[in-house]
Every structure is written in C-alpha cells, then in structure tokens.
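Q: Dropping a prediction and its sequence here:
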Amino acid sequence: MRWERFFENLEQQLDSEWEAERAALDTEAERLRIARLPLSHRVLRLAADGAEAPIEVSVEVRPDITLRGWMTGAGADWLTVDSRRRHGAALIPHAAILALGLAPTDLLRSARASAGGSSVAARISFGFVLRDLARRRQAVRVHTDQGAVMSGTIDRAGADHLDLALHESDEPRRPSAVSGHRTVPFAAIAWVGFDAPPA
C-alpha cells in the first residue's frame, strides 16, 4: 500500500513539473512570437476584425494632432480612419504614427496569432493607395508632419513621393483652377485627408 502511494505521489509530482515546464515554454514561445510581431500585422488584424464591428481608434500623428474615428481599412504600411466629422477620412502611413489608442480588448486582440487573414491587404502599399486616388482624380488634403496642408489632386505617385496639383479641394482639377504643383516625399506626409471614400 505504501509503495502505491509513493508511486502515485511521484507520478503527481512529475505531472506537476511537466505542466510547469510546459507553461514556461509556452510563455517563452509567446514572448518570442510577440517580439517578432510587426505593427503592420497588428493593424491588419484590427482591420480584419473591424469588418464585422467597427473598431474605434485614436491615431497620434503629431504631438498636437490626434485623429479619432473608426478604422476602415489597412494595408502593408498604412491604415484609414473615418472620423465622420472633423477630418473626414484619413489615409495614414505607419511611418507617421506616433501612437495608437485602442480599447484594451482591441489592443489584446491585435497581438493574437494570425487567423489567416487576407494576404492581398498585406501587400497593398501606401504608394499603391495614392496611385489609386490619383487614378480616380480624388480631391485630397495632404497634411505634412511639419503642419502644412496642401489641397488638390494627386497627378502621380512614385515609389516614395507624389506630385500634387494645387487647387481648392471643393473644385475639380481643371487647368484654370490649378495654382501650382508640389512634389511631396512620402516620408513628410502625416496623413492624406479626403471628404468621401473613393468609390
């Protein structure tokens, strides 16, 4: 009888140690996974989750400017936020983000392992979206990280810059309405605003 109890105790001790070791390995594996987790993965995860229920977010793009609204899309290096009031829709490159504000549940959900998601969205770059806005002749407001705001139509978007025909944002791009042109590096853009999402 004593030997049976002795072996049962040993077996329970071994099981407990095995569970503790497995928990430690799982914790370390999770730390390593999170250490390799890029911002783009977390933003894409939020955008995918937001397709079912809008996710409220605040995006600090300058120390004095925070864009608040609902995340409406994301790609390889950008996200869109629709404020439905003050700033309209905003296309924000990841490079311009100083901080993201999220509800605690959304913050935790964004760090979870991927559930597959769309690999297409992960390949759509900031430049690709700007080229689409140029193709659609969408009037935009380009906000720079230094506080300048330029209104007009994107004529073309290169690998790391765009050409903007300056005109009032409520007017169509006509030669008579254009007051000048600017070439703006993507690195200088805090966000690109537009009143209505492109159709």
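A: Okay, I see it. Residues are numbered from 1 along each chain as shown.
Q: contacts, neighbours, all on C-alpha from now
A: OK.
Q: To what extent is the closest residue to residue 123 other than its chain neighbours buried, counted in neighbours?
A: The shortest distance from residue 123 to any non-neighbouring residue, by C-alpha to C-alpha, 6 or more residues apart in numbering, is to residue 76 (5.4 Å). Using other C-alpha atoms under 10 Å, residue 76 has 20 neighbouring residues.
Q: do the same with residue 68
A: For residue 68, the count of nearby residues is 21 (other C-alpha under 10 Å).
Q: mind starting the numbering at 33 from now?
A: Noted, 33 is the first residue going forward, which turns the last one into residue 100.
Q: Which residue, other than its chain neighbours, is closest to it?
A: Spatially, and ignoring its direct neighbours in sequence, residue 100 is nearest to residue 90 (4.3 Å; C-alpha to C-alpha, 6+ apart).
Q: who touches the one you found in this structure?
A: 98-101, 132-134 (C-alpha atoms under 8 Å, 6 or more residues apart in numbering).
Q: Go through these and flag which are in strands.
A: The members of these that map onto strands under DSSP state E are 98-101, 132-134.
Q: ok, back up a step: how close does the residue nearest to residue 155 get to residue 136?
A: As judged by C-alpha to C-alpha, to the nearest Å, residue 108 and residue 136 stand 23 Å apart.
Q: Could you pull up phi and psi at the residue nearest to residue 100?
A: For residue 90, the backbone dihedrals (degrees, to the nearest 10) come out as phi -120, psi 130.
Q: list the contacts for residue 106?
A: Counted by C-alpha under 8 Å, 6+ apart, residue 106 has contacts 75-76, 79, 112, 153.
Q: Looking at those, which is nearest residue 173?
A: residue 112 (14.1 Å; C-alpha to C-alpha).
Q: Mind telling me what element that closest one is part of?
A: Using DSSP states H and E, residue 112 sits in strand 110-114.
Q: counting contacts, what elements does that strand pack onto?
A: strand 97-106, strand 121-125 (3 or more C-alpha pairs under 8 Å, 6 or more residues apart in numbering; DSSP states H and E).
Q: for the protein, which spans come out with low pLDDT?
A: Along the chain, segments meeting pLDDT under 70 span 33-40, 42-43, 45-47, 49-58, 82-83, 116-119, 145-150, 228-231.
Q: Look at residue 152 and say how many residues are nearby.
A: Neighbour tally, residue 152, other C-alpha under 10 Å: 9.
Q: and it, how far is that from residue 227?
A: From residue 152 across to residue 227, the span is 26 Å (C-alpha to C-alpha).
Q: same deal with residue 196?
A: Distance from residue 196 to residue 227, by C-alpha to C-alpha: 17 Å.
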